[in-house]
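*Asks:* missing the sequence, but the structure's below:
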């Protein structure tokens, strides 16, 4: 592994300080209510310096989404280590629960990831932060593909299903239930007398029944 030069380390430090400042403002005031001028002031850098690292406020927000993705992958891998001998089917549930853990422990990152996952894609974007977000999102999807394949191999998941179709359906379900939690938690609890844990458990049971080998 190549050793970073002092210049590279300083650049990375500055970039992280800018992202940290943006997080504090976006998470407290909201993305729409924060200006790049305020981010520069919070980070104690000139506005010109901010634009050297990030072309726009949107790109800066995506850097926060990227942190959320990395945290989600970290939680997922941690979950896998805790169930070393688990079946593929059990690992599918672990991936879903990692998303819930992100919601419980890092709600702002959770909201950033959910908002990103439900926005219109921009495959034409070439900037490094957007590309990194796609790459991190793809890492999560590849993990899901992997555990579905493991489940088919170990006999816990049906073998008559298409792996990619199933992984896409599972990801849509995981994102969907978490979006519901993010946007409609108070409605569900207030109007239907159901707590988040009950909804999540019922959802995972539904998933398992749909792909579990009989």
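*Replies:* Alright, I've got the coordinates. This one's a predicted model, so the numbers in the text were calculated from it and none came from an experiment. Numbers count the residues shown, from 1 in each chain.
*Asks:* tell me which residue lies nearest the centroid of the chain.
*Replies:* The residue lying closest to the centre of the chain (C-alpha atoms, centre = their mean) is residue 69, at 3.8 Å.
*Asks:* thought it was touching residue 134?
*Replies:* No - in this structure, residue 69 is not within contact of residue 134 by C-beta atoms under 8 Å, at 9.8 Å. For the C-beta atoms, the positions are set from N, CA and C on the backbone; glycine is no exception.
*Asks:* excluding its backbone neighbours, what's nearest residue 161?
*Replies:* Sequence neighbours aside, residue 211 is the residue nearest to residue 161 in space, at 6.6 Å (criterion: C-beta to C-beta, 6 or more residues apart in numbering).
*Asks:* give me the buried positions along the helix or strand hosting residue 140.
*Replies:* Using DSSP states H and E, the element containing residue 140 is helix 128-154. The neighbour-count criterion (16 or more other C-beta atoms under 10 Å) identifies 129-130, 132-133, 136-137, 140, 143-145, 147-148, 150-152 as the buried residues of helix 128-154.
*Asks:* then stretch 52-60?
*Replies:* Within stretch 52-60, judged by 16+ other C-beta under 10 Å, the buried ones are 53-54, 57, 59-60.
*Asks:* list the contacts for the residue nearest to residue 161?
*Replies:* Residue 211 makes contacts with 89, 92, 148, 151, 157-158, 161, 166, 170, as judged by C-beta atoms under 8 Å, 6 or more residues apart in numbering.
*Asks:* would you mind pulling up the elements that the host helix or strand of residue 103 packs against?
*Replies:* Taking DSSP H and E as the definition, residue 103 sits inside helix 88-105. With contacts taken as 3 or more C-beta pairs under 8 Å, 6 or more residues apart in numbering; DSSP states H and E, helix 88-105 sits against helix 57-82, helix 107-117, helix 128-154, helix 163-192, helix 196-211.
*Asks:* now, the most widely separated pair of the buried residues of stretch 52-60?
*Replies:* 53 and 57 (12.4 Å; C-beta to C-beta).
*Asks:* neighbouring contacts of stretch 181-199?
*Replies:* Stretch 181-199 has contacts (C-beta under 8 Å, 6+ apart) with 100, 103, 110-111, 114, 177, 180, 200.
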